[in-house]
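*Asks:* what shape does this take:
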Amino acid sequence: MTTGTTQQDHDFARRGAENQARLTGDLSDSYDFIVCGAGSSGSVVARRLAENGAASVLLIEAGGSDEVAAVLEPGLWPTNLGSERDWNFVAEPNPHLNGRSLPMSMGKGLGGGSSINVMVWARGHRSDWDYFAKEAGDERWGYQAALDTYRRIENWQGTPDPDYRGTGGPVWVQPAKEPNPLAHAMLDAAGELGIPTFDSPNGRMMDGDGGAAISDMLVRDGKRHSLFRAYVHPVLDRPNLAVLTGATVLRIIIAGKRATGVEIERDGRRHTITARHETVLSLGAIQTPRVLMHSGIGDEAELKRVGLLVVQHLPGVGRNLQDHVSFGCTWEFVEPIAPRNSGSEATLYWKSRPELESPDLLFCQVEFPVPSERTAAFGVPEHGWTMFAGLARPASRGRLRLRSADPHAPLEIDANMLSDPIDLQAAIKCVELCRELGNAQAFRPLVKREVMPGNLSGGAMEDYIRDAAVTYWHQTCTAKMGRDALSVVDASLKVYGIEGLRIADGSIMPRVSTGNTQAPCAVIGERAADMLREAHRV
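*Replies:* Modelled structure (predicted):
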């Protein structure tokens, strides 16, 4: 990077900061659009709406700045977990995980999850988007439409592939740079097992049975390129986009059956802000249902149980919770190998059963040990790596419930992982395939020994899986799009029964996408913005 470019960046950052200080220091009582949440979808919606200079946009974020090393330095992402940039949600004790309560980290700050995650860019499988279209009854959610959107938003830095990749968009996507030997070993191990390898996980690999590839990452010039950085940061100097941090959305203000704005809390004081056109919830799969329920939108019996007034009976709010659950298998190095990039540079998708229509297992190598609090008892090597693998298409479903009418009270999160017996059987296949990969010839020059789980079977293997299970941090599906009784939004992302309110985040997925969720959330944001601009001619 040249000195001139650095100075330009510095000058822009100063202008943007000064502009935002003015806009948020003299906050208006009313905006055309209010977008709640500056994460992987909300950042997209706010940017696209603000591209029309005649539209005033307020982007509200509960967390703070992303100008910290833990966010910007790719290798430091684990230090965000449990920090002030994490909502620090914790699930209820789960009998299917031997009574364990899992931390359910979600991003809190500019960029949301895209500022604390592993930076993997994964578009999902063809079948995901076709399923979305079927549930919504709208082909604009189908695979071809999603692929067109991906090509429009990507600035792909790898081998040209015009059928699948775009080069002129805001999102800088690149293959992991100079990957660790572990990443190449994983691809070679896949080849030993007859699993095909590809140049990229976001080309034809995810049209069929799956395969293995070096991961695509949101890293630019050695720094995290979050979706806030891609979409909102370049337009912080615009006079029509205010980005308000440190502001928690408590509820949607509803007059009759129309959302008219939001009530927020900032610095201990409550404020009401009006949306002249629409309000968009992009708070993620835990906070979005929470705000809906505290606004009187949800299951009638649940709302009445805690003494909330019912505005719209939608029994699906908070139901259908899905997440990718992982089971780490660990090996010790022959000699220490320092992590590179994000410390996770290769990915693999495959089937637990050959008759499945698409991959149901998700694998990535992590270049350091990742035990659970239970499996650490096996002994964690000082120098080792983990095959972080799990269920890409879980059958288990969880649920969120209110504890009280207090909007500050934490939700009851019943993640319910492994409650469906099908998931346990797939998990066994997953761990068996992990062991085959990690013990393949390709890893032998790098690996001293398998630390865990070892050659387990029967009840011992099931216990290991229940003790090893951790989240992939892909919580989704709690305000799903569709046409059945549990659907919360329609194909236009409008909340059923309420005018002027849409949802644009991972909670609208009818089922969790196959792989990391930030790329599908970007597409959801783009679709929401398209529909809003069309509806309001902006």
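*Asks:* in this structure, where is pLDDT below threshold?
*Replies:* 1-5 (pLDDT under 70).
*Asks:* from the contact counts, what lies against the helix ranked longest in it?
*Replies:* Assignment by DSSP state H gives helix 3-25 as the longest helix of the chain. When contacts are defined as 3 or more CB pairs under 8 Å, 6 or more residues apart in numbering; DSSP states H and E, helix 3-25 packs onto strand 241-244. Yep, even glycine has a C-beta here, placed from its N, CA and C like the rest.
*Asks:* which other helices and strands contact the strand it packs on?
*Replies:* helix 3-25, helix 42-50, strand 57-60.
*Asks:* ok, residue 488 to residue 314 distance?
*Replies:* 5 Å (CB to CB, to the nearest Å).
*Asks:* more crowded one of those two?
*Replies:* residue 488 (30 against 26; other CB atoms under 10 Å).
*Asks:* now do the contacts for the residue nearest to the more buried one when sequence neighbours are not counted.
*Replies:* The spatially closest residue to residue 488, leaving aside those adjacent along the chain, is residue 479, at 4.0 Å (CB to CB, 6 or more residues apart in numbering). By CB atoms under 8 Å, 6 or more residues apart in numbering, the contact set of residue 479 is 285, 288-289, 292, 316-318, 488-489, 495, 503, 507-508.
*Asks:* among those residues, which are located in strands?
*Replies:* Residues of the contacts of residue 479 located in strands (DSSP state E): residue 503.
*Asks:* quick check: the farthest pair among the contacts of residue 479?
*Replies:* 285 and 495 (15.1 Å; CB to CB).
*Asks:* name the element the residue lying closest to residue 374 once chain neighbours are set aside belongs to?
*Replies:* Using CB to CB, 6+ apart and skipping the chain neighbours, the partner closest in space to residue 374 is residue 467 (3.8 Å). Using DSSP states H and E, the element containing residue 467 is helix 458-468.
*Asks:* what's in contact with that helix?
*Replies:* With CB under 8 Å, 6+ apart, helix 458-468 has contacts from 96-98, 100, 327-328, 371-372, 374-375, 418, 424, 427-428, 431, 452-453, 456.
*Asks:* could you turn the buried ones of the residues you listed into a PyMOL selection?
*Replies:* If you want just the buried ones from the contacts of helix 458-468 in PyMOL, going by 16 or more other CB atoms under 10 Å, the selection is:
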select buried, resi 96+97+100+327+328+371+372+374+375+418+424+427+428+431+452+453+456
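*Asks:* show me the contacts of helix 458-468 that map onto strands.
*Replies:* 327, 328, 452.
*Asks:* wait, the second one touches residue 370, no?
*Replies:* In other words, residue 328. Yes. Taking CB atoms under 8 Å as the definition, residue 328 is a contact partner of residue 370 at 4.8 Å.
*Asks:* give the residues shared as contacts by these two.
*Replies:* 386, 388, 470.
*Asks:* looking at those residues, which is nearest residue 145?
*Replies:* residue 388 (31.3 Å).
*Asks:* tell me the bridge partners for that closest one.
*Replies:* residue 328, residue 364 (DSSP bridges).
*Asks:* heads up, I number from 56, so please use that
*Replies:* Yep, numbering from 56; the last one is residue 443 now.
*Asks:* and it, what does it touch?
*Replies:* Here residue 443 is in contact with 381, 383, 399, 418, 419, 420, 421, 425 (CB under 8 Å, 6+ apart).
*Asks:* repeat that for 7 Å
*Replies:* Neighbouring residues of residue 443 by CB atoms under 7 Å, 6 or more residues apart in numbering: 381, 383, 419, 421, 425.
*Asks:* for those residues, give me a markdown table that also has distance to residue 517.
*Replies:* Shown next, in a markdown table, are these (distance: CB to CB, whole Å):
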| residue | distance to residue 517 |
| --- | --- |
| 381 | 16 |
| 383 | 16 |
| 419 | 23 |
| 421 | 23 |
| 425 | 20 |
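*Asks:* just the buried ones among those, please.
*Replies:* 381, 383, 419, 421, 425.
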